[in-house]
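# what's the 3D shape of this:
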Amino acid sequence: KTLEAEGIICEQFTEPVPVYAHLVTQMSEGYDLWVVTIKQHAMDGFLEQDLPGDAPYLFLQNGMGHLEKLSQSGLKSCVGVIEHGALAKGPNEVDHRGMGNIQIAVYKRMDPTHGQALSKELHTAHFPVFFKEQYEPMLKSKLIINTVINPLTALFSQQNRSILTNPSINELARLLCEEACSVLGLSFSEEWKRVKEIAETTGKNHSSMLKDITENRLTEVDSISGYILDYGKKPLPYHHFVVHAIHALEYERGVRKR
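Predicted structure coming up:
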C-alpha cells in the first residue's frame, strides 16, 4: 500500500517513481522479464508458488545456494550479480550510495542469445547491465566479495570501507579472501583487487548482513560463507569462525534457534 500510495523515493531522484504493487501470483502473463531480488532463505517459499512460466526470470541473490533450487524449478532462468551500493531507509525509500553495474548470465532453459538481448534492452549509460557468457565465474567472484565484506562488517558494525581503513579488519579480509579463492579455484591477486575496489566504491554503505543483524533478521551467512565451507570440504578456519560468530549474533537477537 505504501509503495502504490507514495512510490519509490530515492535521494538521487527529483520525484518519487510510481509503482504498481501486486503479488506475483496475482499477475497475468505477458511480461518480458521477472526480476527476483528476495533473500536466499525466502527462495523455497517463492518457488513453491504457482508462478507464471511464460517469461524468463532474473535472479539477483547473494551466494550460490539458489542454483540447485532453480535447476529443479522448471523456470527459464538467468542469474546475476549487483555491484551497486544502496541503503534501504524505509519500506519505500532508498539511498543509492555507490554507482556500479549489474552482470547477468543465462542459467537454465534459455538460449544465450536471449540473455544477451535482455542485457542490451536493460542497459543504459546511467544503469549499466552486462552479459556474461558463463554464470559460474561471475557468481564465484561475487561470492568472494560477499564472504569477505559482509560478515566482517556485520561482526564489527562497520561501513564497507573498514575493509580498507582498519588494519586488523583488512588482515582478516585478506585471509578470508585467500581461503575462498583456494576453494573456488580463482586467482587471489585478481579477486583481492576486486574486493578492495568494491569496498572503495561502496565505502559509505552498510552491508546487507550488517543491516540484517541491526534489524534483528536472519542473515544470509549460510548461503555465503557457509556455502564456501560446504563447497570446500576441507578445514577453513576463518570461514568456520565467521559463520559461527554470525550465528551467535543471530542467536542473541532471537532470530536463530540453534
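# Enumerate every residue touching Tyr135.
Counting by Cβ atoms under 8 Å, 6 or more residues apart in numbering, Tyr135 touches 79, 105-107. All C-beta spots, glycine's among them, are computed from the backbone N, C-alpha and C.
# For it, what are phi and psi?
Backbone dihedrals for Tyr135, given as degrees, to the nearest 10, come out at phi -80, psi -30.
# which one is it nearest to, not counting chain neighbours?
Residue nearest to Tyr135 in three dimensions, not counting chain neighbours: Ala105, with 3.7 Å by Cβ to Cβ, 6 or more residues apart in numbering.
# per-residue confidence for the one you found?
Ala105 is assigned a predicted lDDT (pLDDT) of 98.
# got it, and His84?
For His84, pLDDT reads 84.
# rewinding a little: ok, now how distant is the residue nearest to Tyr135 from Glu178?
Distance from Ala105 to Glu178, counting by Cβ to Cβ, to the nearest Å: 26 Å.
# neighbour-wise, which of the two wins?
Neighbour totals were compared for Ala105 and Glu178, and Ala105 leads with 23 against 16 (other Cβ atoms under 10 Å).
# helix or strand for the more buried one, which one?
strand 102-108 (DSSP states H and E).
# packing partners for that strand?
Counting contacts by 3 or more Cβ pairs under 8 Å, 6 or more residues apart in numbering; DSSP states H and E, strand 102-108 is packed against helix 67-71, strand 77-82, helix 112-122, strand 129-131, helix 135-156.
# could these go into CSV alongside distance to Asp32?
Shown next, in CSV, are the helices and strands packed on strand 102-108 (distance: least, Cβ to Cβ, whole Å):
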stretch, distance to Asp32
helix 67-71, 19
strand 77-82, 12
helix 112-122, 8
strand 129-131, 14
helix 135-156, 20
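# residues touching the residue nearest to Glu4 when sequence neighbours are not counted, list them.
Nearest-residue entry for Glu4: Ala21, 5.2 Å, with adjacent residues in sequence omitted and distances by Cβ to Cβ, 6+ apart. With contact taken as Cβ under 8 Å, 6+ apart, Ala21 is in contact with 1, 3-4.
# Now, those residues that are in strands?
Among the contacts of Ala21, DSSP state E puts none in strands.
# Let me know the closest of these to Thr124.
Taking Cβ to Cβ as the measure, Thr124 lies nearest Leu3 of those, at 22.9 Å.
# hang on, that closest one packs against Glu93?
No: shown here, Leu3 and Glu93 do not form a contact pair, counting by Cβ atoms under 8 Å, at 10.6 Å.
# Count the neighbours of Glu121 for me.
Glu121 has 11 neighbours, counted by other Cβ under 10 Å.
# Same check on Pro237?
Pro237 has 9 neighbours, counted by other Cβ under 10 Å.
# Next: the one 3 residues further on.
In terms of burial, His240 registers 14 neighbours under the definition other Cβ under 10 Å.
# ok, it - contacts?
His240 sits next to Leu229 when contact means Cβ under 8 Å, 6+ apart.
# again with Tyr57
Neighbour list for Tyr57: 33-36, 51, 75-78 [criterion: Cβ under 8 Å, 6+ apart].
# Which one of the residues you listed sits in the busiest neighbourhood?
The most crowded member of these, judged by other Cβ under 10 Å, is Cys78 (25 neighbours).
# Return the distance of that residue relative to Asn62.
Distance, Cys78 to Asn62, by Cβ to Cβ: 16 Å.
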